[in-house]
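In: Provide a 3D model corresponding to the input given below.
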Amino acid sequence: MSRGKVFGCLADGVKVHSMTLAKRGGLSVEVMTYGATLRSLKAPSAEGLVETIVGFERLSDYEADKTYQACIVGRTVNRLRQASFRCDDAVWQVTRNEGPNHLHGGAKGLSRRVWRADARPSDEAPLVLRYVSPAGEEGYPGVLAVEVTLSLPEAMMLQIDYKAEVDAPCPVDLTHHLYFNLDQTPGGDLLDHSLGIRGDEILQVDEACLATGLRLPVTDTLFDLHQPQPLSAILSRKHPQLTQIGLNQSWVLGADTGLDTAPAATLYAPRSGLEMALYTDQPCLQAYAGLSRAVAAWGAVALEPQGFIDAVSQPAFPSPWLKPGQVYRRTSRYRFQNLGEV
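Out: Here you go, the predicted structure:
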């Protein structure tokens, strides 16, 4: 039984371990206890194993990072307006870490915590990581107990299961902030990658990327990605919702998407021949293709299955509240295939 190997020590001396999850002839994944972060996600191609996500070589770089490279984010993903929300008669003020607003769970959130890994008999066994967030951490109410399970149900499919429970009502929305590049040519970009998203609407956001409460149809706009389009074509078009940093938008996923039905998104790299299909039971998908500190401009695209942005402040959106006695469960699957072999 193993809990992995020591990857390094944080500035405060706390040890961080890394574990491998792999299947013969399939995916090879490396995961750190720091932030439940994926350091590597390699898929076999005609040219051998290809790294499909971006990140850093050194633990100190992850510790200093502000772009949420491949880590879990929460207690709530995305932004909360004025870093506050109301529960019954009380107003909860959470950490302001993006101007007056709250982003991805706060200054440390779940991303900059050291998680505990369960012992495993082999690298093929599912990898379970746990963290207990105490009451008041980042300003959130109650204790949150989180469990993340990474597994390879198929040789070419990574599954991430999220489970959470609380002892007081609390908004909960969890995901991994994975930055994908399926063809990491040195000095290259992913503008030739084709992105498809099965969503009929996007969430309208203001200049702070906060939801206004409105949904906009994608018909006849650059956001209509039912037929996959190269990122170069998407980013060359104009739309008021295309921000100054590039693509940073949340799609409301179609009713035909799900874990065992249609994928929420696909990403294809013509040079490597790899395609990744993302399946999820989350209602929305955030796509961010902007500047990443780990790579050159347009070097990666983040695809983040999640709930509705700032749903605590938008009564028309589905509720993000988790109550004592309830169990939060969400799942995302990342299926890879080499289209050069089809």
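In: alpha carbons only for contacts and neighbour counts from here, please
Out: Will do.
In: what pairs with residue 85 across the strands?
Out: Per DSSP bridges, residues listed as beta-bridge partners of residue 85: residue 92.
In: How many residues are close by it?
Out: Here the number of neighbours of residue 85 (other C-alpha atoms under 10 Å) works out to 19.
In: who touches it in this structure?
Out: By C-alpha atoms under 8 Å, 6 or more residues apart in numbering, the residues touching residue 85 are 91-93, 312-313.
In: now do residue 24
Out: Here residue 24 is in contact with residue 155 (criterion: C-alpha under 8 Å, 6+ apart).
In: Apply 7 Å and report the result again.
Out: Applying C-alpha atoms under 7 Å, 6 or more residues apart in numbering to residue 24 gives no contacts.
In: likewise the one 4 residues further on?
Out: The neighbourhood of residue 28, defined by C-alpha under 7 Å, 6+ apart, consists of 21-22, 41-43.
In: How many neighbouring residues does the closest residue to residue 211 other than its chain neighbours have?
Out: Of all residues not flanking residue 211 in the chain, residue 205 sits nearest, at 4.4 Å (C-alpha to C-alpha, 6 or more residues apart in numbering). Using other C-alpha under 10 Å, residue 205 is surrounded by 21 other residues.
In: Just the buried ones out of the contacts of residue 85, please.
Out: For the contacts of residue 85, a burial check counting by 16 or more other C-alpha atoms under 10 Å picks out 93, 312-313.
In: any chance of those residues in TSV, plus pLDDT?
Out: TSV is the format used below for the buried ones among the contacts of residue 85 (pLDDT from 0 to 100):
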residue	pLDDT
93	96
312	95
313	93
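In: Can you tell me which of those residues is closest to residue 239?
Out: Of all the buried ones among the contacts of residue 85, the one sitting nearest residue 239 is residue 313; the distance, using C-alpha to C-alpha, is 25.5 Å.
In: what residues are up against residue 177?
Out: Per C-alpha under 7 Å, 6+ apart, neighbours of residue 177: 68-73, 302, 304.
In: Against residue 168, how distant is it?
Out: 26 Å (C-alpha to C-alpha, to the nearest Å).
In: shaky segments in this protein?
Out: 1-2, 185-188, 243-245, 290-298, 341-342 (pLDDT under 70).
In: I'd like to know how far residue 124 sits from residue 42.
Out: According to C-alpha to C-alpha, residue 124 and residue 42 sit 15 Å apart.
In: Please identify which of those two sits among more neighbours.
Out: Between residue 124 and residue 42, residue 42 has the larger neighbour count (other C-alpha under 10 Å), namely 21 against 17.
In: Give me the residues contacting stretch 195-209.
Out: 211-212, 214-218, 225-231, 250-254, 264-268.
In: For it, buried residues please.
Out: Neighbour-count burial for stretch 195-209 [16+ other C-alpha under 10 Å]: 195-205, 209.
In: now stretch 310-326
Out: Those would be 310-313, 319-320, 322-323, for stretch 310-326 by 16+ other C-alpha under 10 Å.
In: can I have it written out in PDB, keeping just the CAs?
Out: The C-alpha coordinates for stretch 310-326 follow below in PDB (Å, rounded to 0.1, in the frame of the first residue of the first chain):
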ATOM      1  CA  ASP A 310     -22.600  33.700  -8.800                       C
ATOM      2  CA  ALA A 311     -25.800  31.700  -8.400                       C
ATOM      3  CA  VAL A 312     -26.000  32.800  -4.700                       C
ATOM      4  CA  SER A 313     -26.900  36.300  -6.000                       C
ATOM      5  CA  GLN A 314     -29.100  35.300  -9.000                       C
ATOM      6  CA  PRO A 315     -32.500  33.900  -7.900                       C
ATOM      7  CA  ALA A 316     -33.200  32.800 -11.500                       C
ATOM      8  CA  PHE A 317     -30.200  30.400 -11.500                       C
ATOM      9  CA  PRO A 318     -30.300  26.900  -9.900                       C
ATOM     10  CA  SER A 319     -29.400  27.000  -6.200                       C
ATOM     11  CA  PRO A 320     -25.800  26.200  -5.200                       C
ATOM     12  CA  TRP A 321     -26.700  25.600  -1.600                       C
ATOM     13  CA  LEU A 322     -25.800  22.400   0.200                       C
ATOM     14  CA  LYS A 323     -27.500  21.700   3.500                       C
ATOM     15  CA  PRO A 324     -26.600  19.400   6.400                       C
ATOM     16  CA  GLY A 325     -27.700  15.800   5.600                       C
ATOM     17  CA  GLN A 326     -27.300  16.300   1.800                       C
END
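In: now the helices for the stretch 1-150 of the chain?
Out: 59-64 (DSSP state H, counting those that start in this stretch).
In: on that earlier part again, make a markdown table out of the buried residues of stretch 195-209 and add secondary structure.
Out: A markdown table is the format used below for these (DSSP: H, G, I helix; E, B strand; the rest coil):
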| residue | secondary structure |
| --- | --- |
| 195 | strand |
| 196 | strand |
| 197 | strand |
| 198 | coil |
| 199 | strand |
| 200 | strand |
| 201 | strand |
| 202 | strand |
| 203 | strand |
| 204 | strand |
| 205 | strand |
| 209 | coil |
